[in-house]
Every structure is written in structure tokens, then in C-alpha cells.
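Enquirer: From the sequence below, what's the structure:
(one chain, ligands or ions: 1)
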Amino acid sequence: TSFIFKEVCGYPLSIFFIVVNEFCERFSYYGMRAVLVLYFKYFLRWDDDLATSIYHTFVALCYLTPILGAIVADSWLGKFKTIIYLSIVYAIGQVAMAVSAIHDITDTDRDGTPDNMTFHVVLSMVGLFLIALGTGGIKPCVAAFGGDQFSDHQDRQRRTFFSVFYLCINGGSLLSTIITPILRAQDCGIHSQQKCYSLAFGVPAALMLVALVVFIVGSGMYYKAEPQGNIMLDVCKCIGFAIKNRYRHRSNQYPKRQHWMDWAEEKYDKLLIAQIKMVLKVLFLYIPLPMFWTLFDQKGSRWTLQATTMNGYFGSLVIQPDQMQTVNPILILTLVPIMDSVIYPLINKCGLNFTPLKRMTVGMLLAAIAFVCAALVQIEIDKTLPTFPSTSQSQLKLLNMGSETVTIKIFNDFFVLQASNEYFTFEAGQINISVGHPEVRNTISLAKGQRQTLLIPLTITDEWLMTDDITSKPQEGNNAIRFVNGMKTAVNVSIPAANFGLIEPFSYSNYSLIKNGKVTFTLWSGSQSCEYSTDFGFGSSYTFFIPSTLVFGPNCQESITAAEDIKPNSVHMALQIPQYFFITAGEVMFSVTGLEFSYSQAPSNMKAVLQAGWLFTVAIGNFIVLIVAELAKLPKQWAEYVLFASLLVAVCFIFSIMAYFYTYIDPAEIEAQFKKNVNEDDEDNKHKLQKTERSNGKINVTKLSYYNMA
Ligand SMILES: CC(C)C[C@H](NC(=O)[C@@H](N)Cc1ccccc1)C(=O)O
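Expert: Take a look at the predicted model:
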């Protein structure tokens, strides 16, 4: 097809539209993905399990649909039309998501909650399906279409294009993962104000429309390779025939052929057979690759959970656990240019031939190192975690509600205390406790696997109270807070974000979860009030004791005491930076290189198919996470990290052997030779034909017997 070819600094101008399109599309995808789980949980009101499994199913689907997109592009519509049509599907999906998040549509009683949840669920599921189809479908086409814009001699420019392409992916995703959570946190609505998920989905929808428009604007400048018929069907038929024919001629009387695909020669074109051999060689090499993605994609799950047990204060800035993920695109934006302009040229200067497959091997090793770092950080975190009772044990803490210290005897140990900050561990069952002079004895029952606090009343002869305490670290960096009222009157405790309710005399409240930062509690007793302020870190639990001697007035800061049930997270989130650094350096070497490798090694009519094969390794990697995590169930998280690192090192070893035997090819060159062969149909020339292969990244000329050209 005809097109206007314009070049800027040696690069086709058309790629400008392609990279801008990718930037907007990735903004749209990652922006929507960033708030998806919260939308499931808080808007659709699904539980954590359902929300997580639908989320992962959606992500997996996004990496399975590239196969569909590639088949449509390579065999029917061509990449250009496939991108346009599927982008429209994609944009409709994003708009459906935005509409599904407008609570006012079904909020007939105007109480702020949707009244017909089925409408919202169905619309959002349809939306997600369309998005998965769209994003997955266009993904292999956009990268391959970009690669198509370069001519055969523009190898260096094409490599740079793939790096810039990767930068755009990460620029778009970085911006959107910062922006959409902010949009979600706004209040909006017609009849009542609710969290603005519709805006958080609406902006990605708008960006997808921008992506589509930008892509269409560049239309006249693209080189559009024509689709060459239903290539996938031909490939399947050809492979099927080769297998059948080989089986039919299994007896020793038939001479062996060099490659099992050569058994298709009777019926199929030699060029097609050669192209299938090229693709199969690369696909075989892909077998170990999903393991890299298995580790890589745990950034969003395991590493984020790890961050929830860490301290996120960076000076006055507080980083939320899920925000740590933005370190990845930030590092990509810095590492890709450094690698391309400093590290790789430096390695070249040292005379080392750092081939794509060697880069990918190093990338895998770096990812394994990242997991070793994650294990080391986990060991540090584990040291700071509380030791909870085993299933046969119980832990007990004492809180004296009186103003005088009392002597307490448990078995033969004496304690003189107001309150004990530490838990004492016992075998579960009954224990005898004596308190004060004259001694008041009591037998208390300790529950198995529980933490409890014994509240010793003001008058020790009164009934003793036992509270059930928290037995796990509060999730997502929250702090679990409760109050014990030692006063003779009921007290109401509140903060803007939570109300502990009315706490009866000599009684206690339930735990409430509150965020980190400075919190001011207001205590009310009748018309009297006072304020108590304190600072919270991440993941702590406190029992605040209101003594009988408390005087209501401007403040009650001095009187209230805090017992630390669980210490705040003390290992700093900055310690995750090394693991992010290694996984991202690994990603640059593995993923950016792999993207380009998949393009350069694919025959012209199967470029998108190999891109889809590459993305398929991502989908398999995600499934492995689910399977290994489910099967291994290691008691210690650090051990699971070490297991994943070891698996990747083992896989990397296998991959390096496979890579050693891989011969780089130039598909365009081979195809050209074939075509020349057919055109000339000259016996003499045929014998002269030699195969141009790239061995260890350098072009060398060898016999082309493998591809059976002669
Ligand atoms: C997995 C994909 C093949 C590669 C690519 N992803 C990335 O480049 C990630 N670094 C982007 C990212 C952004 C924010 C949080 C985590 C990851 C892609 O999406 O095409």
C-alpha cells in the first residue's frame, strides 16, 4: 500500500504516532487496573477473595487474548485495521466501566448506594471482557507494527524504537497509577456524593480515545504490510501434515530427513516450512521464560503485602504499600537510557558480544537476586514481628484498673505492676492468680491460641474481666486501637474517622482500624470532654486505658496510658529499593530485549504471532504464581522467596544451554533468498545459494541446509 514516508533523525516519523498511542493506551490500562480491586470491594461490595480472583482472571485474560489479535492481524485484517477495530472495542469497554461506576444510575432511593447491583456487575464484567479483548488483542500488533516501520538495514534504530516503546509503556503507567487513585478518592455524584470511581475509569477511557485518534492521525504515514491469508490455519495444517507423513514413513526403509518439518515438503511450500521452523525454534526457546514473569509479577502481590509490614515514612512523606510499585516504572525510565547509552556500549567496547539471549539470561539472574534481597528483607521483618501463641499456648497480659500498684502472683512468680506491656506465654488451660494484700485468688481459663488481657478491677474483689486481643498484625498498615474505661461513668470516644461508641464503666471497646499519622481522640462523659492526641506508625495495636482518676478538661494527655499490644512496623520500606532495583534491571535486560528479539527472529508474516507467543509466557507466568503459592505453602515467607529464586536460577541454567545452541537468523534475508530461488528457478544459482545466518549476534554465511533452501 502507498504511504508518505517521512524521516526525522534517521527514524520514520510514523513511529511517533505509535509510541504516543502506546503511552496513552498503557495509561488507560494501568490507570484502570490500579483502582480495580478497590472498585470490586467497595463499590460492588465483593469480598477480598472474589475481588482478587476476578482481578487475576482479568489480568491473565489480557495476556491470553494477544493470540487472538495476532491471528486476526497476521491472517485477516492486517495489523493496522486490527489495532483500529480492537481499540474501538477497548474504548467501549473503558466507557462501560466508567458508566458502571456511576452509582446514581440505579440509586433510586438516593441513599448513595446502588439499588440494582446486578446492573453494575453485568456492565462492569462486559466492560472488563471488552478491555481484555482490546488491550490483549492490540498488544502484539502495536509492537510488531512499530517494528514494521523500519527497513531491514535499520537494525540499530529498530532496537532504539523498542527501548523508547518500553519507556512509553512505563511513562504512561507511572502517571496513571499516580493519578487514578487520586481521582478515585474524590467525592462525586448527582444525588449523593460517593467515591468517584466513574472519574477514575472515565479518564482512562478518555485516554484510550486519544490513543485511537492519535493512531488514526498517523494513518497516511504508516507502512502497512498486507496480511498473507489465514497463515495460522496453514501453519497448523502444515505441522499436522508433517507429523502424519512422518508417522506414515516411520519404517527404516525411508531415508531420514534433516528436520521433522521436512516431512511436509510433499505438500507444502518450502518457504512456509522454513518460516514454521523459524517460529518453532523461537517458541521452543520460550519454554523456560514464564518463570521470569512468575517472579516479576509478584511485585503487585507478595511484595506489596511485604510493604504492608514495613514503615512507610519517608521524612514528612508517607508512602502507601501499593505505591511502592511505582518504583518499577520510575527505575525503568532511568535504567533504559542508562543501559542503552552507557552499559551496553561499554560492554561492546570491552569486546564482549552481549547478544540478546545473553542479556535475557543475565536478566533472569538479576530477578533471582531480587528475590534473594526480598528474602533478606523478610528475615529482618520477621525479627520485628510479634510472637503469637501456638495453637496449644495462650498469652496473657495484665492491666490494673486501680490507681495503686498491686502485687500479682502467677504460679510462683510475683509481679508488682500497674500494667504489663509484655504478654506472658502459658500452656493453654487454667492458671491461678493471686492479687494484692490480703490476697484475692482467682482461677482463670486461658483460651488456646489466643492473646488475652486480664483487667483487674478497681476493687479487686469485684468481677475480673478478660478481653480477647488481636492475634495478627493489622492489615494494610492500619493500626488496631481500643479503649479500656476504668472510670465509674460511661465514656464516649471518637475521632473523625471512627467512633468507638459508648464504653461502659470498667469495660472496653472493640478494636477499630485507623490509618497512620497524628490522631486526636475526643472523650466525652455527659457534657464534659477532653482531647488526647498521639502519633501512629504502621501495623501497630494499642489498648488505651482511661483511668478512674481522669479529670475532663482541655486535655487528658497526661492521664491516659497506652499499652502496646503489637509494635508498629519498624523495618523501613526503603529496604525494598534494592529488590526493586534488581527486578527492574532484570526486566530491562529480559523484557525489552525479549520484545525486540521476538520481532527480529519472526518471519515477516508471523511477527504479531511471535509477539503474542512472547506475551503468552507472561500469562503462563501468572498462572505459575497461583499454582506454586498454593502448592508450596511454606511456613515462612522468606523461604518462599528463596524457593522462587532457586527455581529461576535452575530455569536460567536450562535457558542458557538452550540459548547456546540457538543460531540467530535474519528472516528477511532467508525469505528473500527463497523468493529469489523461486523467481530464477535456475539450478546453477540454487547451488550457489547460501544461507545468511547470524551466529552469536554477528552475521555469518553458512550452508542453508537447515531451512532446506537448495
Ligand atoms: C509484562 C509486560 C510484557 C511488559 C510491560 N510492563 C511494564 O513495562 C511494567 N514495568 C509496567 C508496570 C507499571 C506499573 C507497575 C508495574 C508494572 C507492559 O505493560 O507492556
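
Enquirer: Contact partners for the closest residue to Phe590 other than its chain neighbours?
Expert: Distances taken as Cβ to Cβ, 6 or more residues apart in numbering place Gly363 nearest to Phe590, at 2.9 Å, with adjacent residues excluded. Heads up, the C-betas are built off the backbone N, CA and C, glycines and all. By Cβ atoms under 8 Å, 6 or more residues apart in numbering, Gly363 lies in contact with Phe292, Ala585, Gly586, Glu587, Val588, Met589, Phe590, Ser591, Thr593.

Enquirer: can I get those in JSON lines with neighbour count?
Expert: Output for the contacts of Gly363, formatted as JSON lines (neighbours: other Cβ atoms under 10 Å):
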{"residue": "Phe292", "neighbour count": "28"}
{"residue": "Ala585", "neighbour count": "22"}
{"residue": "Gly586", "neighbour count": "24"}
{"residue": "Glu587", "neighbour count": "26"}
{"residue": "Val588", "neighbour count": "23"}
{"residue": "Met589", "neighbour count": "26"}
{"residue": "Phe590", "neighbour count": "24"}
{"residue": "Ser591", "neighbour count": "22"}
{"residue": "Thr593", "neighbour count": "25"}
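
Enquirer: And the pLDDT for Cys238?
Expert: We have a pLDDT of 95 for Cys238.

Enquirer: With Glu25 instead?
Expert: The confidence metric pLDDT takes the value 97 at Glu25.

Enquirer: by contact count, what packs against the helix or strand it falls within?
Expert: Following DSSP states H and E, the helix or strand that holds Glu25 is helix 14-38. Other helices and strands packing on helix 14-38, by 3 or more Cβ pairs under 8 Å, 6 or more residues apart in numbering; DSSP states H and E, are helix 48-64, helix 78-100, helix 117-148, helix 155-185, helix 197-217.

Enquirer: Any part of the last one near the ligand?
Expert: Meaning helix 197-217. No: using Cβ under 6 Å from any ligand atom, helix 197-217 never reaches the ligand; the gap is at least 13.7 Å.

Enquirer: residues in contact with that helix?
Expert: Contact with helix 197-217 is made by 17-18, 20-25, 27-29, 31-32, 35, 38-39, 43, 83-84, 87-88, 90-91, 94-95, 97-102, 176, 179-181, 183-184, 186, 188, as judged by Cβ under 8 Å, 6+ apart.

Enquirer: Now the helix or strand just after that helix: buried residues?
Expert: Per DSSP H and E, helix 197-217 leads on to helix 231-248 as the next helix or strand towards the C-terminus. Residues of helix 231-248 classed as buried by neighbour count (16 or more other Cβ atoms under 10 Å): Ile231, Met232, Asp234, Val235, Cys238, Ile239, Phe241, Ala242, Asn245, Arg246.

Enquirer: Can you tell me which of the residues you listed is closest to the ligand?
Expert: The ligand has its nearest neighbour among these in Met232, at 21.6 Å by Cβ to the nearest ligand atom.

Enquirer: Secondary structure element holding His153?
Expert: For His153, there is no helix or strand it lies in under DSSP H and E.

Enquirer: one step back: weed out the non-buried ones from the contacts of helix 197-217.
Expert: 17-18, 20-25, 27-29, 31-32, 35, 38-39, 43, 83, 87, 90-91, 94-95, 97-102, 176, 179-181, 183-184, 188.

Enquirer: among those, which are in reach of the ligand?
Expert: Among these, not one lies near the ligand by Cβ under 6 Å from any ligand atom.

Enquirer: who's in contact with the residue of the chain found nearest the ligand?
Expert: Proximity of the chain to the ligand (Cβ to the nearest ligand atom) peaks at Ser173, 3.6 Å away. Taking Cβ under 8 Å, 6+ apart as the criterion, Ser173 is in contact with Arg26, Phe27, Tyr29, Tyr30, Pro329.

Enquirer: run the last query once more with 10 Å
Expert: 23, 26-31, 33-34, 325-326, 328-329, 332 (Cβ atoms under 10 Å, 6 or more residues apart in numbering).

Enquirer: and what of Glu596?
Expert: Applying Cβ under 10 Å, 6+ apart to Glu596 gives the contacts 143, 147, 155, 158-163, 165-166, 356, 359.

Enquirer: Go through those residues and give me the one with the most neighbours.
Expert: Ala143 (28 neighbours; other Cβ atoms under 10 Å).

Enquirer: quick one: contacts for it?
Expert: Neighbouring residues of Ala143 by Cβ under 10 Å, 6+ apart: 18, 22, 66, 79, 161-162, 165-166, 169, 595-596, 598-599, 607-608, 611, 614-615.

Enquirer: go again using 8 Å as the cut-off
Expert: Counting by Cβ under 8 Å, 6+ apart, Ala143 touches Phe162, Phe165, Leu595, Tyr599, Gln611.

Enquirer: Adding distance to the ligand and pLDDT, write these out as JSON lines.
Expert: Output for the contacts of Ala143, formatted as JSON lines (distance: Cβ to the nearest ligand atom, whole Å; pLDDT from 0 to 100):
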{"residue": "Phe162", "distance to the ligand": "12", "pLDDT": "92"}
{"residue": "Phe165", "distance to the ligand": "9", "pLDDT": "94"}
{"residue": "Leu595", "distance to the ligand": "7", "pLDDT": "89"}
{"residue": "Tyr599", "distance to the ligand": "13", "pLDDT": "89"}
{"residue": "Gln611", "distance to the ligand": "10", "pLDDT": "85"}
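
Enquirer: so which of the residues you listed would you say is closest to Asn499?
Expert: The nearest member of these to Asn499, counting by Cβ to Cβ, is Phe165 at 51.8 Å.

Enquirer: The closest one is in contact with Asn21, isn't it?
Expert: No: in this structure Phe165 lies outside contact range of Asn21 using Cβ atoms under 8 Å: 10.3 Å.

Enquirer: you'd agree Leu455 is in a strand?
Expert: Yes: the assignment for Leu455 (DSSP: H, G, I helix; E, B strand; the rest coil) places it in a strand.

Enquirer: Quick check: it touching Phe483?
Expert: No: applying Cβ under 8 Å, one finds Leu455 not in contact with Phe483, separated by 12.0 Å.

Enquirer: Please name the bridge partners of Glu7.
Expert: Beta-bridge pairing for Glu7 (DSSP bridges): Pro12.

Enquirer: Ramachandran coordinates for the spatially most central residue of the chain?
Expert: The centroid of the chain falls nearest to Gly300 when counting by Cα atoms, centre = their mean (2.9 Å). Note on Gly300: its backbone torsions stand at phi -80, psi -20 [degrees, to the nearest 10].

Enquirer: circling back to that earlier point, what angle sits between the helix holding Glu25 and helix 197-217?
Expert: 160 degrees (axes from the mean of the first three to the mean of the last three Cα atoms, to 10 degrees).

Enquirer: okay, now Phe500: neighbour count?
Expert: By the criterion of other Cβ under 10 Å, Phe500 has 22 neighbours.

Enquirer: for the record, mean pLDDT for the helix or strand hosting it?
Expert: Using DSSP H and E, the element containing Phe500 is strand 498-503. Average pLDDT, strand 498-503: 86.

Enquirer: list the buried ones in it?
Expert: Phe500, Ile503.

Enquirer: what residues does that strand touch?
Expert: The contact list for strand 498-503 (Cβ under 8 Å, 6+ apart) reads 481-485, 490-494, 509-510, 512-514, 546.

Enquirer: which of those are buried?
Expert: Ile481, Arg482, Phe483, Val484, Asn485, Val491, Asn492, Val493, Ser509, Ser512, Ile514, Ile546.

Enquirer: part of a helix, is the third one?
Expert: Same thing as Phe483. No: counting by three-state DSSP, Phe483 is not part of a helix but strand.

Enquirer: Could you list everything it pairs with in the sheet?
Expert: Phe544.

Enquirer: Could you check the pLDDT of it?
Expert: On the pLDDT scale, Phe483 gets 95.

Enquirer: hang on, isn't it packed against Tyr542?
Expert: No: contact criterion Cβ under 8 Å: Phe483 and Tyr542 do not qualify, at 9.4 Å.

Enquirer: quick one: secondary structure of Lys397?
Expert: On the basis of three-state DSSP, Lys397 is classed as strand.

Enquirer: and the residue in the chain sticking out farthest from the centre, helix, strand or coil?
Expert: Distance from the C-alpha centroid of the chain peaks at Pro438, with 62.0 Å (Cα atoms, centre = their mean). Following three-state DSSP, the label given to Pro438 is coil.
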